[in-house]
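S.K.: pasting the sequence and the predicted model now:
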Amino acid sequence: MVRPFRSIRLLPAVAVLSLVACGAPDADRGDPSPTPAAPSSADAEADSEAPTTTPRDRAAPDQARQDRLDRRLRAAAWADDVPRARQLVRHGADVNAVDETQQSAYLIATSEGYLDLLRLTLGNGARINAKDSWNGTGLIRAAERGHALVVGALLQRRIDADHVNRIGYQAIHEAVWLGEDTPAYAATVRVLGAGGVELVRRSPSAGLTPVEMARSRGYTGLERILETMTTAERPADPDAALLRAAATGDADAVAVALRAGADLEARDEHDRTALLLAATHDHVAAADVLVALGADPDALDDRHDTPWLVTGVTGSVAMLEALLPAGPDLTIVNRFGGLSPIPASERGHVEYVRRVAKTDVDLDHVNDLGWTALLEAVILGDGGTRHQQVVRALLDAGVDRTIADADGVTPLEHARSRGYDEIAALLSTD
């Protein structure tokens, strides 16, 4: 289903026009929904080989089959059904094929913020600078909706960052004038700035620069970000500035350093990258910018920590969520041979354990001490409420409660020997 636009409140006429025009699905413009109806049996048959035509009459049926494939791909795109979209692409569906409203699977991914779908289309020949019916790029569409991760992915692919659509807006204008003063738009504006887009051009239609737009709309947060990015002096050492900004959680300074040419994977004296520093100190806003622009979630420091692994120590669910779109390797181990759920269980990070259990991480992994996450929750926990909840979360996720330590002692036996009656009861329940 197409997400409706937010309501418009006291905008100038040109803003209303732009809100309608800036790359949203045409269903949002009052047109009939572009989402196709469910495929018929005839459509299904079109996906199979039908070698009954002759060379003379093959062209028309082949085109009809292609049209059906492309239509079904767009339907899968609107639904964010990536497995179905992948299947259709394998059968020959075109990620660039547009309907009568100039919507393609690729452009749908940009406006709706469907990151996995975007990656699928980009990997299968999406034309990065394709335009919609308002001569807007995918970057403009994504910026208007506040999709920072999509914006970053497109900037990494060298999309035309400063294209002006036919109503006179660039991506940065759309993010401010048609956005909101929220964390999502703050991240989007920072990513655009860090990615090198123009920040001071006036919109030909609105007659305002991005910072003037923010001021006019009363968006003090976006105004501050834009003021910082347009007035800050270029750091003498962009790499050092980036690491310092990440460690202190200054997301605006992170953007400034990247805009000045800082290496995204610059290291400090302990081989820590900016993303690892942001994760260690739980600076999510800084991490959002770094992840959007492609920072490595698996970069190891001199203690064999990665940005992902340290989330198990901090227990930050917000940082976990920020890092997941980067596709961290969940099999990399820390210096103790453990995965992130093990230190999280030891420390009683209940919400983290519940969330990480929904990923593909191996909850029964045994570290170099011979302990699983369940064993650590019992052996190194205090038997209190938090560790009881961790044990329950692990059991609910289906961990193997019979895995013993290196001496053959099970979690239940450890609980009983420590007098942790509540945990013992949980472990002895069938």
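M.R.: That came through, no problem.

S.K.: tell me the contacts of the nearest residue to residue 113 once chain neighbours are set aside?
M.R.: Here the nearest residue to residue 113 in space, its sequence neighbours aside, is residue 147; by C-beta to C-beta, 6 or more residues apart in numbering that works out to 3.6 Å. All C-beta spots, glycine's among them, are computed from the backbone N, C-alpha and C. With contacts defined as C-beta atoms under 8 Å, 6 or more residues apart in numbering, residue 147 is in contact with 110, 113, 184, 188.

S.K.: can you check residue 250 too?
M.R.: Shown in contact with residue 250 (C-beta under 8 Å, 6+ apart): 244, 286.

S.K.: which of the contacts of residue 147 sit farthest apart?
M.R.: With distance counted by C-beta to C-beta, no two of the contacts of residue 147 lie farther apart than 110 and 184, which are 15.3 Å apart.

S.K.: for those two, indicate the residue with more neighbours.
M.R.: In terms of neighbours (other C-beta atoms under 10 Å), residue 110 is the more surrounded of residue 110 and residue 184; the figures are 32 against 16.

S.K.: helices or strands up against the one helix or strand that one maps to?
M.R.: Taking DSSP states H and E as the criterion, residue 110 maps to helix 105-112. Where contact means 3 or more C-beta pairs under 8 Å, 6 or more residues apart in numbering; DSSP states H and E, helix 105-112 is packed against helix 59-78, helix 115-122, helix 138-145, helix 148-156.

S.K.: now that helix: average pLDDT?
M.R.: What helix 105-112 shows for mean pLDDT is 98.

S.K.: buried residues in that helix?
M.R.: Of the residues in helix 105-112, those scored as buried under the neighbour-count criterion (16 or more other C-beta atoms under 10 Å) are 105, 106, 107, 108, 109, 110, 111, 112.

S.K.: ok, for the fourth one, nearest residue in space, not its chain neighbours?
M.R.: Leaving aside its chain neighbours, residue 108 sits nearest to residue 77 (4.2 Å; criterion: C-beta to C-beta, 6+ apart).

S.K.: mind listing what the one you found touches?
M.R.: Counting by C-beta under 8 Å, 6+ apart, residue 77 makes contact with 85, 105, 108, 109, 112, 114, 117.

S.K.: need the residues that contact stretch 370-381.
M.R.: Outside stretch 370-381, the residues that touch it by C-beta under 8 Å, 6+ apart are 338-339, 341-346, 348, 353, 363-366, 387, 390-391, 394-395, 399-401, 403, 405-407, 411, 414-415, 418, 420, 423, 427.

S.K.: could you redo the last one with a cut-off of 6 Å?
M.R.: Around stretch 370-381, the neighbours that count as contacts under C-beta atoms under 6 Å, 6 or more residues apart in numbering are 341-342, 345-346, 363-364, 366, 387, 390-391, 394, 399, 403, 405-406, 411, 414-415.

S.K.: what residues of that stretch count as buried?
M.R.: 371, 372, 373, 374, 375, 376, 377, 378, 379, 380, 381.

S.K.: that older thread, need the buried ones from the contacts of stretch 370-381 selected in PyMOL.
M.R.: Selection of buried members from the contacts of stretch 370-381 for PyMOL, criterion 16+ other C-beta under 10 Å:
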select buried, resi 341+342+345+346+363+364+366+387+390+391+394+399+403+405+411+414+415
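
S.K.: sitting in helices, which of the contacts of stretch 370-381 do you find?
M.R.: Filtering those for membership in helices, criterion DSSP state H, returns 341, 342, 345, 346, 387, 390, 391, 394, 411, 414, 415.

S.K.: between these, which sits nearest residue 283?
M.R.: Set against residue 283, the nearest of the ones in helices among the contacts of stretch 370-381 by C-beta to C-beta is residue 341 (22.5 Å).

S.K.: how about the nearest residue to that closest one, chain neighbours excluded?
M.R.: Counting by C-beta to C-beta, 6+ apart, the residue nearest residue 341 is residue 373, at 4.3 Å.

S.K.: pLDDT score for that neighbour?
M.R.: Taking residue 373 on its own, its pLDDT is 98.

S.K.: what do you get for the one 3 residues further on?
M.R.: In this model, residue 376 is scored at 98, pLDDT.

S.K.: give me the element it is part of.
M.R.: Under the assignment given by DSSP H and E, the secondary-structure element containing residue 376 is helix 373-379.

S.K.: quick revisit: for the residue nearest to residue 113, phi and psi?
M.R.: Summarising the backbone geometry of residue 147 under the convention degrees, to the nearest 10, its torsions are phi -90, psi 80.

S.K.: burial check on residue 224, number of neighbours?
M.R.: The burial count assigned to residue 224 is 14, neighbours taken as other C-beta under 10 Å.

S.K.: so what pLDDT did it get?
M.R.: For residue 224, pLDDT reads 98.

S.K.: how about it: what's its closest non-neighbour residue?
M.R.: By the measure of C-beta to C-beta, 6+ apart, the closest residue to residue 224 outside its immediate chain neighbours is residue 252, 7.5 Å from it.

S.K.: what sits against residue 288?
M.R.: Residues near residue 288 by C-beta under 6 Å, 6+ apart: 187, 322.

S.K.: where exactly do the helices run in the stretch 251-400 of the chain?
M.R.: Remark: helices of the stretch 251-400 of the chain, listed N- to C-terminal, are 251-259, 274-280, 284-292, 307-314, 317-323, 341-347, 350-356, 373-379, 385-396; assignment by DSSP state H, counting those that start in this stretch.

S.K.: wait, the residue nearest to residue 224 touches residue 228, no?
M.R.: Yes: using C-beta atoms under 6 Å as the test, residue 252 is close enough to residue 228 to be in contact (4.4 Å).

S.K.: these two: which has the busier surroundings?
M.R.: residue 252 (23 against 18).

S.K.: list the residues that contact residue 146.
M.R.: Neighbour list for residue 146: 179, 184, 185, 188 [criterion: C-beta under 6 Å, 6+ apart].

S.K.: any idea how far the residue positioned nearest the centre of the chain is from residue 358?
M.R.: Nearest residue to the geometric centre of the chain (C-alpha atoms, centre = their mean): residue 325, 4.0 Å. Taken as C-beta to C-beta, to the nearest Å, the spacing of residue 325 relative to residue 358 amounts to 15 Å.

S.K.: and what of residue 173?
M.R.: Remark: distance between residue 173 and residue 358 (C-beta to C-beta) = 38 Å.
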